[in-house]
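> Build me a structure from this.
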Amino acid sequence: MADNNRVTFARDLGLFDASMIGIGAMIGAGIFVLTGIAAGEAGPAAILAFALNGVVTLLTAFAYAELSSSIPEAGGGYSFVKRAFPGPIGFLSGWMLWFAYTIACSLYALGFSSYFWEFFHKYFPAFGHAVSAFIGDQAGGILITVLICAFFVWLNARGAEVTGKAENVITIAKILVLMVFIYYGLVQIGNEPEAAAANFTPFLPNGFAGITIAMGLTFIAFEGYDLIATVAEEIKEPEKNIPKATFISLGVTIVVYLLILFVALGAVHPEGIETWKFLGENGETAIVLAADSFMPSFGVATIVFGGLLSTMSALNATVLASSRVAFSMGRDRWLPESVATIHPTRRTPHVAIVLTGVILLAVALALPIEIVGSAASLMFLLTFTLVNLALVVLRRKLPANGATAYRVPLFPYVPLAAAVINMALAIYQFNFDPISWFVAIGWIALGLIAYTTYFQKAEKRPPDVIEAVTPLPQSAYRVLVPVANPATVQQLLDLAGPVAQDRNGDVVATAVVKVPIQLPIHEGLKYVERQMPNIDVARAYAESMGCPLSTDVRVAHRVEEGILSAADQDRTDLILMGWKGYTSTSERIFGEVVDRTVHRSNSDIGVVKIRGEGKFERILLPTAGGPHAEFAAELLEPIVKATGAQVTACYVIPPDADRTQEEEAERWMSRTLRHVDLGDVEFRAIRSDSVANGIIKTASDYDLVVLGAAKTGLFQQLLFGEIPDRVGRYAESSVMLVKRHEGTAKRWLRRILN
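As a prediction, this is how the structure comes out:
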């Protein structure tokens, strides 16, 4: 790899996306599955248990906010602890975090099974009772647990990709389901306030011990904001957005949780039994029964749907997260190297996913749901303790990493208090659930044995991850050329080079390495060399042209995000990108990458279809006036001067047009060209019933058609307007479609004046 070539990561997640990651992970199966369990242990004080868990979680969230904003690397807590405590403690942090996520997967699988059968017993009782009579309730639960675990392990290993927008939609849908539940519950409480108040008396039927037990059992419900740290390398402006997203997601979650507890405890009035006991006896399906008591007929279906949606999305997310931790440990030689294997065709960490699936299925089948939830909470409490201690060490050990916009207040008292409280809750769990501690101790002991006997000797630190570098020095004008096809690189530079040189600017050739969503983004570094032939072709041709060229390899989950990230970071004025000339789906105009880039670009944009040898000697410039047509002429001026091409300006008129209309066409063409010098331009009036068809037919006599976007688009999905889009698709010659962004001309003039 050339020493002067930049390799950078595309940061494509904004504040909203990052917040949705945390909210989606927290407002998941935990609140559906654990509400009844918490009420059974603490009574009405379950609401206080959840509030206190929120406070405890907030203390640790401070540590995550500072660490992930100052060390924005994938890996989350494991990445922080291994920096602070290299060796066995660093190993154990990953070992425990892997198991914690895996146990959480088991909890969600068991929760899905419960809601699945609740749905059939409620709406298809004949089928539900028949299955229960044939194989029994326990066997039915085991069957669904096995099937759902196997499905999501298979799905992740296959490489199925859920986009950020889809995840946002799922998260919002879950919140809406819970808001419907809360609304009807508050209405019920408002109708019977005295009965609702009676449900909260006595408030502490099991004393403070019940609150502590409920806190230990339900702490897992507040796990999820830490997933923001696992994608820290992909978040825009991490020093600002990560802390904000962390606290936004936690704040929204705490409010929703407290409202759900308040409604479940206050709006349900079972006969012959106290409400909290009723909820406790029904455990993971308590919310369903609560909904059945105060919501309309669709209430249960809505909650069951929300429960199924939450458990499935949470299971999928945690399978992904746990396998990522295992994959990272395999890469660090702290698990067998085969765990870090990437499938040759699907490019997913299939070994890590399958291994995670085996463990989560074993835990789900071996332990009841209460023990699973308690064990998951315990493992996260221990892991969060280490993260808080890691902050104390790293703030002193690596002070440069602490130079960020965010600082934990009252340092070091806040992280030390968080570490003590987390550890105290973990220790207290032994009093009411020793099995979870036995499971944790057994797993930790197994890890220490494996580390001391094998992994300590096999450990070999990988090279440091290449961090995103600072932007290129600002030039007077910058043209970005994404290079994906070596056959078209020279033609794109033939167009980009003269434009940049005419404005005393430079050209940046950018190649994008696409990383599957299942992999941490820095894994794309392994595939950078595959993009170097494109970069080498661009560099060699630019040198022969005498054109200043910088090169940039972006690592991104989506190609268009890599392009847009490069454009924003390097303050690009014009993006000039190639297009193959067709698209494989009717849902796209020019294809997914081009469509999304054009729609979202903050720069001027040019899309070029190359046909033939790419020598531009005869150029057709259709025009009907407007800013984009004038912009097309401006871009064409330096190209004509560099190549000596002959330009024909054209205007389409009706077949029966008279002399007056011909003169009007000439005026439009002259108006478009009034500020540019394109040499001896030929004016041509094309007679045709269709503007697009007239241009397409005429284009066959030319090497290149340069066409500006329409002044207004008839449909929002069109990129340049109906006529330019059709010409770009069907013309037999090379075509360059251009569109001026509102702010680029102002930015360019501002730089010149400064």
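
> where's V439, which helix or strand?
Counting by DSSP states H and E, the element that carries V439 is helix 434-450.

> Now do the buried residues in that helix.
Counting neighbours by 16 or more other Cβ atoms under 10 Å, one finds that the buried residues in helix 434-450 are 436-437, 439-440, 443-444, 447, 450. Backbone N, C-alpha and C define where each C-beta goes, glycine included.

> ok so L635 is a helix residue?
Yes - membership of L635 in a helix is supported by DSSP: H, G, I helix; E, B strand; the rest coil.

> which residues in the stretch 451-600 of the chain form helices?
Using DSSP state H, counting those that start in this stretch, the helices of the stretch 451-600 of the chain run over 456-458, 486-502, 532-545, 559-569, 592-600.

> closest one to K609 among the ones you listed?
Of all the helices of the stretch 451-600 of the chain, helix 486-502 sits nearest to K609, with 9.3 Å by Cβ to Cβ.

> what's that closest one packed up against?
Counting contacts by 3 or more Cβ pairs under 8 Å, 6 or more residues apart in numbering; DSSP states H and E, helix 486-502 is packed against strand 478-482, strand 506-514, helix 532-545, strand 574-579, strand 604-609, helix 627-643.

> Swap in 6 Å and give it another go.
The contact analysis (3 or more Cβ pairs under 6 Å, 6 or more residues apart in numbering; DSSP states H and E) places helix 486-502 against strand 478-482, strand 506-514, helix 532-545, strand 574-579, helix 627-643.

> Could I get the ones you listed in TSV, plus columns for mean neighbour count?
Shown next, in TSV, are these (neighbours: other Cβ atoms under 10 Å):
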stretch	mean neighbour count
strand 478-482	27
strand 506-514	25
helix 532-545	18
strand 574-579	24
helix 627-643	21
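
> among those, where is the model least confident on average?
When the helices and strands packed on helix 486-502 are compared by mean pLDDT, helix 532-545 comes last with a mean of 84.

> which of the residues in stretch 418-435 are buried?
For stretch 418-435, the buried set under the neighbour-count rule, 16+ other Cβ under 10 Å, comprises 418-419, 421-423, 425-426, 428-430, 432-433.

> Could you tell me how many residues sit around I172?
Summarising burial for I172: neighbours were counted as other Cβ atoms under 10 Å, giving 13.

> Please identify the buried residues of the helix or strand encompassing it?
Secondary structure from DSSP H and E places I172 in helix 164-191. For helix 164-191, the buried set under the neighbour-count rule, 16+ other Cβ under 10 Å, comprises 164, 167-168, 170-171, 174-175, 177-178, 180-182, 184-186, 188-189.

> Which elements pack onto it?
Judged by 3+ Cβ pairs under 6 Å, 6+ apart, helix 164-191 is in contact with helix 15-26, helix 238-266, helix 286-294, helix 298-331.

> Assign a three-state SS to I342, would you?
Reduced to three states with three-state DSSP, the structure at I342 is coil.

> now it, nearest residue through space, not along the chain?
Using Cβ to Cβ, 6 or more residues apart in numbering and skipping residues adjacent in sequence, the residue nearest I342 is P349, 6.1 Å away.

> What about A484, how many residues nearby?
A484 has 17 neighbours, counted by other Cβ under 10 Å.

> Reformat the helices and strands packed on helix 164-191 as TSV; add distance to N534.
Rendered in TSV, the data for those read as follows (distance: least, Cβ to Cβ, whole Å):
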stretch	distance to N534
helix 15-26	29
helix 238-266	29
helix 286-294	54
helix 298-331	27
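
> Of those, which is nearest R571?
The minimum distance between R571 and the helices and strands packed on helix 164-191 falls on helix 238-266, with 19.2 Å, by Cβ to Cβ.

> what pLDDT, on average, does that closest one get?
Along helix 238-266, the predicted confidence averages to a pLDDT of 90.

> which of the residues in it are buried?
Neighbour counts using 16+ other Cβ under 10 Å place 238-239, 241-250, 252-254, 256-257, 259-266 of helix 238-266 among the buried residues.

> Which single one of the buried residues of stretch 418-435 is nearest to K615?
Taking Cβ to Cβ as the measure, A418 is the one of the buried residues of stretch 418-435 closest to K615, at 67.1 Å.

> which strands and helices sit next to the helix or strand where that closest one lies?
Following DSSP H and E, the helix or strand that holds A418 is helix 413-432. Applying 3+ Cβ pairs under 6 Å, 6+ apart, one finds that helix 413-432 contacts helix 46-70, helix 207-218, helix 369-397.

> Can you report how many residues lie near P724?
Per other Cβ under 10 Å, the neighbour tally for P724 reads 27.

> Surely it is in contact with L737?
Yes - applying Cβ atoms under 6 Å as the test, P724 and L737 come out as touching, 5.0 Å apart.

> any residues in contact with both of these two?
Taking Cβ atoms under 6 Å, 6 or more residues apart in numbering as the contact criterion, the residues that touch both P724 and L737 are L707.

> so what's the nearest residue to S733 once chain neighbours are set aside up against?
In space, not counting the residues next to it along the chain, S733 is nearest to A699; the distance is 4.5 Å by Cβ to Cβ, 6+ apart. Contacts for A699 were tallied using Cβ under 6 Å, 6+ apart; they are 620, 705, 731, 733.

> ok, A173 to S313 distance?
Summarising the geometry, the distance separating A173 from S313, computed by Cβ to Cβ, to the nearest Å, is 9 Å.

> and what of T201?
Computed with Cβ to Cβ, the distance linking T201 and S313 is 37 Å.

> Neighbours of P336, how many?
For P336, the tally of surrounding residues (other Cβ under 10 Å) stands at 16.

> Report the angle between the helix holding A418 and helix 434-450.
Between the direction of helix 413-432 and that of helix 434-450, the angle (axes from the mean of the first three to the mean of the last three Cα atoms, to 10 degrees) works out to 120 degrees.

> any idea of the angle helix 413-432 forms with helix 369-397?
Orientation note: helix 413-432 sits at an angle of 150 degrees relative to helix 369-397 (the same axes, to 10 degrees).

> Identify all contacting residues around helix 413-432.
By Cβ under 6 Å, 6+ apart, the list of residues contacting helix 413-432 from outside reads 56, 59-60, 62-63, 212-213, 216, 378, 381-382, 384-385, 388-389, 391-392, 408, 437.

> circling back to that earlier point, so for T201 and S313, which residue has more residues nearby?
Higher neighbour count among T201 and S313: S313, with 22 against 10, using other Cβ under 10 Å.

> Which residue is the nearest non-sequential neighbour of the more buried one?
Counting by Cβ to Cβ, 6+ apart, the nearest residue to S313 once its immediate chain neighbours are dropped is I170, at 5.1 Å.

> coming back round to it: any idea which of the helices of the stretch 451-600 of the chain is most buried?
Among the helices of the stretch 451-600 of the chain, judged by mean count of other Cβ atoms under 10 Å, the one packed with the most neighbours on average is helix 559-569 (a mean of 23).

> which helices and strands does the longest helix seen in the chain pack with?
When every helix of the chain is counted residue by residue (DSSP state H), the longest turns out to be helix 88-123. For helix 88-123, the packing partners by 3+ Cβ pairs under 6 Å, 6+ apart come out as helix 29-42, helix 77-84, helix 125-135, helix 137-158, helix 298-331, helix 350-366, helix 369-397, helix 434-450.

> what about the third one, average pLDDT?
The reference is to helix 125-135. Regarding helix 125-135, the rounded mean pLDDT is 73.

> Repeat that for the fifth one.
Here the mean pLDDT over helix 298-331 is 79, rounded to a whole number.

> orientation of it relative to helix 137-158 in degrees?
Here helix 298-331 runs at an angle of 50 degrees relative to helix 137-158 (the same axes, to 10 degrees).
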